[in-house]
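What follows is a predicted protein model with its sequence.
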Amino acid sequence: MPPEPGTPETSGAVLAPNDPLTAAVPAAELVAALKSAGQTVATAESLTAGLLAAAIAGIPGASAVLRGGLIVYATDLKHSLADVSADTLTSDGPVAASTAEQLAVGARTRCGADWGVGLTGVAGPDPQDGREVGTVFLGIAGPEGTEVIRLKLAGDRWTIRVSAARAAVTELVRSVSGG
């Protein structure tokens, strides 16, 4: 279980009690799991626009495991920065399982990390390209391959975006831990 904000971690550092991201996205367990495995992570984020990387970076000691992140909010940047194929973006669109998979692989490759996470989806308030609000695709690329999870999240834009980052942390902890 991650430490509560304002309490010492094993490193002696204290989580900032007023950091809304570390309170909303419990990334301390992820940082600990990655440290224990001697592994690193990188992100390619669309709908979350860096929230996942920021939540990880909010944990003391994150510099040992967080390689970096790509904010690829614009569709053309998914291709030019994260190596999502132009064919995938044309045929499947920016909010698709195939896009999330390629975002994860792109983050892992571009940043030289053991794990890559790709997040794309629709935060609202309106549907996008035929996708309902709350549709999120989470890609995780690791040493053993890549998986994509489709999420259906509810709430306003902030809630959907934070919930997507939280789900990414949960799934990545499971993957790193061999589950």
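Cool, the structure landed. Numbering: from 1, shown residues only.

residues making contact with the host helix or strand of R110?
Per DSSP states H and E: R110 is located in helix 97-111. Applying CB atoms under 8 Å, 6 or more residues apart in numbering, the contact partners of helix 97-111 are 42-44, 46, 67-70, 72, 78, 81-85, 88-89, 92-93, 113-120, 137-142, 146, 148, 150. Any C-beta I mention is one placed from the backbone N, CA and C, and that applies to glycine too.

Mind checking which of these are in helices?
Among those, DSSP state H puts K78, T88, L89 in helices.

Of those, which is the nearest to R157?
Of all these, K78 has the smallest distance to R157: 19.7 Å, by CB to CB.

For the closest one, grab the count of nearby residues.
Neighbour count for K78, taken as other CB atoms under 10 Å: 26.

Name all residues that make contact with it.
A44, S46, V72, V84, L89, P94, T99, Q102, L103, T120.

Format these as CSV; extra columns: neighbour count, distance to Q128 and pLDDT.
Below are those laid out as CSV (neighbours: other CB atoms under 10 Å; distance: CB to CB, whole Å; pLDDT from 0 to 100):
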residue, neighbour count, distance to Q128, pLDDT
A44, 36, 18, 99
S46, 29, 11, 98
V72, 27, 15, 98
V84, 30, 16, 98
L89, 18, 13, 98
P94, 26, 8, 98
T99, 29, 12, 98
Q102, 28, 18, 98
L103, 32, 16, 99
T120, 31, 10, 98
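
Look up how far S80 lies from T135.
Plainly put, T135 is 24 Å away from S80 if you go by CB to CB, to the nearest Å.

do L21 as well
In this view, L21 and S80 are 27 Å apart by CB to CB.

Please point out which parts of the biggest helix by length in the chain sit buried.
Criterion DSSP H: the longest helix present in the chain is helix 157-176. If you call a residue buried by 16 or more other CB atoms under 10 Å, then helix 157-176 has these buried ones: 160-169, 171-173, 175-176.
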